[in-house]
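Undergrad: how would this look folded up:
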Amino acid sequence: SIYLIPALPIAYFFYVRKQPVLKISSALMPVIGEARSYGKLGKLIDVLFIFGLLGGAATTLGLAAPLINEGISYLFGIPSTTTSQIGVLLLCTALFAYSSYKGMDDGIKV
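TA: Residues are numbered from 1 along each chain as shown. This is a model prediction of the structure:
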């Protein structure tokens, strides 16, 4: 439900105002103005948002890897080491990359 707060203005500008893309800078157009939204400030906002998404994904993966590793250790009796955590990280990264590469029709449904 917390994702509803940023999703509403983005959806409004995409569906009602017929903006061609789903960008954070478009949702902030009433606040920063149309000229700034399409200018350098809009690009800066979009780039910062992308870095925020990357940071959030990295944090989630970094916190989940030890949990997955401990689960594998508990289920299969494999010792929990740094090497096994790196293996879990590489496997998760490979699965996410493959799923993203294949797209919505093929990869995400795996």
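
Undergrad: For Y38, which non-adjacent residue is spatially closest?
TA: Among residues not flanking Y38 along the chain, S25 sits closest, at 7.7 Å (Cβ to Cβ, 6 or more residues apart in numbering). The C-beta positions use only the backbone N, C-alpha and C, and glycine is treated the same way.

Undergrad: Wait, that neighbour touches K40, no?
TA: No. S25 is beyond contact range of K40, at 10.4 Å (criterion: Cβ atoms under 8 Å).

Undergrad: and the two? which has more neighbours close in?
TA: Per other Cβ atoms under 10 Å, whichever of S25 and K40 has more neighbours is S25, with 22 against 8.

Undergrad: OK, contacts around the residue nearest to Y38?
TA: By Cβ atoms under 8 Å, 6 or more residues apart in numbering, the contact set of S25 is 32, 37-38, 41-43, 45-46.

Undergrad: of the residues you listed, buried ones?
TA: Neighbour-count burial (16 or more other Cβ atoms under 10 Å) applied to the contacts of S25 gives 37, 42, 45-46.

Undergrad: Quick check: of those residues, which lies closest to P6?
TA: For those, the minimum distance to P6 (Cβ to Cβ) is 12.1 Å, reached by I45.

Undergrad: doesn't A27 make contact with the closest one?
TA: No. I45 lies out of contact with A27 (Cβ under 8 Å); the separation is 9.4 Å.

Undergrad: pLDDT value on G107, please?
TA: On pLDDT, G107 comes in at 58.

Undergrad: wait, I meant L54
TA: L54 is assigned 89 on the pLDDT scale.

Undergrad: Does it lie in a helix or a strand, and which?
TA: L54 belongs to helix 40-76 when assigned by DSSP states H and E.
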